[in-house]
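**Student:** just the structure for this:
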Amino acid sequence: MQEKRLFLLDAYALIYRSYYAFIKNPRINSKGINTSAILGFVNTLEELLRKENPSHIAVGFDPQGPTFRHEAYEQYKAQREETPEVIRYSVPIIKEIIQAYNIPIIEVPGFEADDVIGSLAKLAEKEGFDTYMMTPDKDYGQLVSSHIFMYRPKFGGDFEILGPEEIKTKYGIQSPEQVIDILGLMGDSSDNIPGCPGVGEKTAVKLIADFGGIENLLANTDRLKGALKTKVEENRSQIEFSKFLATIKTDVPLTFDEKSLRREPVNSEKLRPIFEELEFRNLTERVLGNQPTTPAPKKTVQPSLFDNVPETEQTDNSAPQSNLANIASIPHTYHLTDTPEKMWDLAALLSCASAFAFDTETTGVDPMNVELVGLSFALKEHEAYYIPIPEDQEKAREIVNIFKSALENPKSLKIGQNIKYDYIVLHNYGIHVKGDFFDTMVAHYLLQPEQYHNMDYLANVYLGYEPVSIEKLIGPKGKKQLSMRQVPVEQVCEYAAED
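**Tutor:** Have a look, this model is predicted:
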């Protein structure tokens with residue numbers, strides 16, 4: 001018989017946690033949408049499913065409108081800042097994703113998610129389930145029993161399971177239910193529960209250890225001394241009311257339907273378009289496999305460190321015009337460096353520079369079997385240099401050798417997109433590029449692993465700029481596609497210098 005293990009997820013607690021985990025480095029897709037909360041929540045869900053393989057699962061959401069606590073106490077959670085816009089528009093999408101996972105959403109008007117989860121956990125316990133409440137919220141400690149556990153996500157991708165002994169050890173108490181008394185005394189600033197003024201967690205824990213609970217404490221305030229005695233006696237009603245607010249209800253009107261909570265396979269047809277719309281490329285492949293519903297985008301000109309990364313689709317004539325800046329709208333100075341004098345002057349500038357960007361134009365995509373068509377360099381914004389390389393390999397090597405000193409300068413930073421490709425090409429021409437490297441493709445992969453990393457995408461997202469398409473130079477892929485050598489050098493100059 002399969003072990004019955006029910007996992008109940010506190011949706012908003014996990015969504016907020018995901019949002020703030022990415023607050024310094026938000027995940028933004030090509031549409032300008034911040035997907036941090038969604039991506040974080042789905043990654044947490046996926047990690048849970050992979051690691052624990054639960055037999056039953058559900059997600060609890062707070063309902064719209066006030067709960068019984070708001071009706072009893074107008075100031076309940078009133079101090080909280082307005083929900084961030086990112087979370088507001090993320091929640092409906094997250095609900096769609098949960099439904100596509102075939103996971104039930106539990107939401108009861110008038111009751112918070114912790115009340116719903118607490119009630120469902122107690123009902124499940126009676127049905128022989130071990131229930132794991134997935135939340136970072138410490139309040140859930142009061143619900144823990146021999147068959148109900150807290151399942152707390154930890155930063156770094158791991159989880160910790162807290163049972164009765166862990167909760168008792170954490171607070172130095174005799175039973176998990178005493179967590180309610182501690183919260184009633186110390187209050188909870190996140191929920192605006194007042195507690196007893198001047199009593200923090202340390203004092204609250206000591207009082208409950210000494211008296212067992214708030215009721216016994218209030219019945220024996222004569223055993224207290226000094227300022228603490230005065231504070232407790234003067235705030236008797238507030239302490240009792242705070243305990244009421246801190247108590248998670250376990251009698252929410254709902255039924256336990258074991259069959260509806262059983263884990264079911266993911267609905268790939270529903271989930272794939274959601275992930276593709278959000279541009280969760282890695283997640284789509286990991287969860288659903290690499291079977292895109294949209295036509296395969298065009299390949300990059302050079303091979304990528306991330307070979308499954310597509311270039312941006314080109315729009316047809318009927319598509320709306322892009323409002324991105326482009327080569328025609330941005331003032332620029334691109335130098336065709338096609339004489340020995342110009343080349344040596346540029347080489348001298350590069351040799352003295354602390355950093356410069358560079359790129360290669362070649363006859364193909366395999367760096368071990370291509371010829372150089374050109375080199376481009378940039379030292380500042382909107383100004384770049386293009387050096388055409390002839391087909392004659394002896395003359396080609398003579399020109400490339402002019403820049404040997406600059407490229408092999410160990411003191412200058414070399415900047416590029418997929419530098420490994422250019423490094424190999426130049427190595428085949430006798431140039432051993434040295435110094436530190438900054439690869440924009442690798443950097444973006446580290447920051448935004450779920451997104452695309454090609455240059456057109458990065459220019460769109462970070463610069464609001466639409467680069468010249470390679471197809472405009474050499475034509476669409478096929479028998480009639482030109483090689484870079486067949487394109488007028490003035491056009492290659494604009495393209496390569498822009499890169």
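**Student:** pLDDT weak spots in the stretch 201-350 of the chain?
**Tutor:** 290-323 (pLDDT under 70).
**Student:** and the strands in it?
**Tutor:** In the stretch 201-350 of the chain, the segments counted as strands under DSSP state E, counting those that start in this stretch are 333-336.
**Student:** can you show me the helices along it?
**Tutor:** When assigned using DSSP state H, counting those that start in this stretch, the helices of the stretch 201-350 of the chain occupy the ranges 201-211, 214-219, 226-234, 236-246, 258-261, 268-278, 281-288, 340-352.
**Student:** for the stretch 1-150 of the chain, same thing?
**Tutor:** Taking DSSP H, counting those that start in this stretch as the test, the helices found in the stretch 1-150 of the chain are 11-21, 36-52, 68-72, 85-100, 113-126.
**Student:** and those, which one averages the lowest pLDDT?
**Tutor:** Ranked by mean pLDDT, the helices of the stretch 1-150 of the chain bottom out at helix 68-72, with a mean of 66.
**Student:** any idea how far the nearest residue to residue 23 once chain neighbours are set aside is from residue 203?
**Tutor:** Spatial nearest neighbour of residue 23, chain neighbours left out: residue 36 (7.7 Å); criterion: CB to CB, 6 or more residues apart in numbering. All C-beta spots, glycine's among them, are computed from the backbone N, C-alpha and C. Noted for residue 36: a distance of 38 Å to residue 203, by CB to CB, to the nearest Å.
**Student:** more neighbours, those two?
**Tutor:** Neighbour tally, residue 36 and residue 203, criterion other CB atoms under 10 Å: the higher count belongs to residue 36, 22 against 16.
**Student:** for residue 229, give me its contacts.
**Tutor:** By CB atoms under 8 Å, 6 or more residues apart in numbering, the residues touching residue 229 are residue 221.
**Student:** apologies, that question was intended for residue 101.
**Tutor:** Residues in contact with residue 101, defined by CB under 8 Å, 6+ apart, are 45, 266, 267, 271.
**Student:** in space, what's closest to the second one - neighbours in sequence excluded?
**Tutor:** Think residue 266. If the residues on either side of it in the chain are set aside, residue 266 comes closest to residue 101, at 5.3 Å by CB to CB, 6+ apart.
**Student:** okay, the one you found: pLDDT?
**Tutor:** 96.
**Student:** tell me the secondary structure at residue 414.
**Tutor:** Classification of residue 414 into helix, strand or coil gives strand, according to DSSP: H, G, I helix; E, B strand; the rest coil.
**Student:** is it in a bridge, and if so with what?
**Tutor:** For residue 414, the beta-bridge partners are residue 356, residue 437 (DSSP bridges).
**Student:** look up how far residue 377 lies from it.
**Tutor:** Computed as CB to CB, the residue 414 to residue 377 distance reads 10 Å.
**Student:** between these two, which contacts overlap?
**Tutor:** Shared contacts of residue 414 and residue 377 (CB under 8 Å, 6+ apart): 356, 357, 358.
**Student:** so the last one makes contact with residue 416?
**Tutor:** What it means is residue 358. Yes. With the criterion set as CB atoms under 8 Å, residue 358 and residue 416 qualify as a contacting pair; they are 5.8 Å apart.
**Student:** what touches both of the two?
**Tutor:** Counting by CB under 8 Å, 6+ apart, the residues touching both residue 358 and residue 416 are residue 422.
**Student:** now residue 199: which helix or strand?
**Tutor:** If you go by DSSP states H and E, residue 199 is not part of any helix or strand.
**Student:** name the SS class of the nearest residue to it once chain neighbours are set aside, please.
**Tutor:** Excluding the flanking residues, the one nearest residue 199 by CB to CB, 6+ apart is residue 185, at 5.2 Å. Here residue 185 is recorded as helix under three-state DSSP.
**Student:** still on that earlier bit, output the helices of the stretch 201-350 of the chain in a markdown table; the columns should cover distance to residue 432.
**Tutor:** Formatted as a markdown table, the entries for these read as follows, by distance: least, CB to CB, whole Å:
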| stretch | distance to residue 432 |
| --- | --- |
| helix 201-211 | 61 |
| helix 214-219 | 74 |
| helix 226-234 | 74 |
| helix 236-246 | 67 |
| helix 258-261 | 62 |
| helix 268-278 | 42 |
| helix 281-288 | 34 |
| helix 340-352 | 16 |
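**Student:** residue 398: which of those is closest?
**Tutor:** Between residue 398 and the helices of the stretch 201-350 of the chain, the shortest separation by CB to CB is 9.2 Å, and it involves helix 340-352.
**Student:** report the buried residues of that closest one.
**Tutor:** Neighbour-count burial for helix 340-352 flags 343, 346, 347, 350, 351 (criterion: 16 or more other CB atoms under 10 Å).
**Student:** and it, C-alpha only, in PDB?
**Tutor:** Coordinates of the C-alpha atoms in helix 340-352 are reproduced here as PDB (Å, rounded to 0.1, in the frame of the first residue of the first chain):
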ATOM      1  CA  PRO A 340      47.700  49.600 -43.400                       C
ATOM      2  CA  GLU A 341      48.000  53.100 -42.000                       C
ATOM      3  CA  LYS A 342      44.500  53.000 -40.500                       C
ATOM      4  CA  MET A 343      45.100  49.500 -39.200                       C
ATOM      5  CA  TRP A 344      48.400  50.300 -37.400                       C
ATOM      6  CA  ASP A 345      46.800  53.500 -35.900                       C
ATOM      7  CA  LEU A 346      43.900  51.400 -34.600                       C
ATOM      8  CA  ALA A 347      46.300  48.700 -33.300                       C
ATOM      9  CA  ALA A 348      48.100  51.400 -31.300                       C
ATOM     10  CA  LEU A 349      44.900  52.600 -29.800                       C
ATOM     11  CA  LEU A 350      43.900  49.100 -28.800                       C
ATOM     12  CA  SER A 351      47.300  48.300 -27.300                       C
ATOM     13  CA  CYS A 352      47.000  51.300 -24.900                       C
END
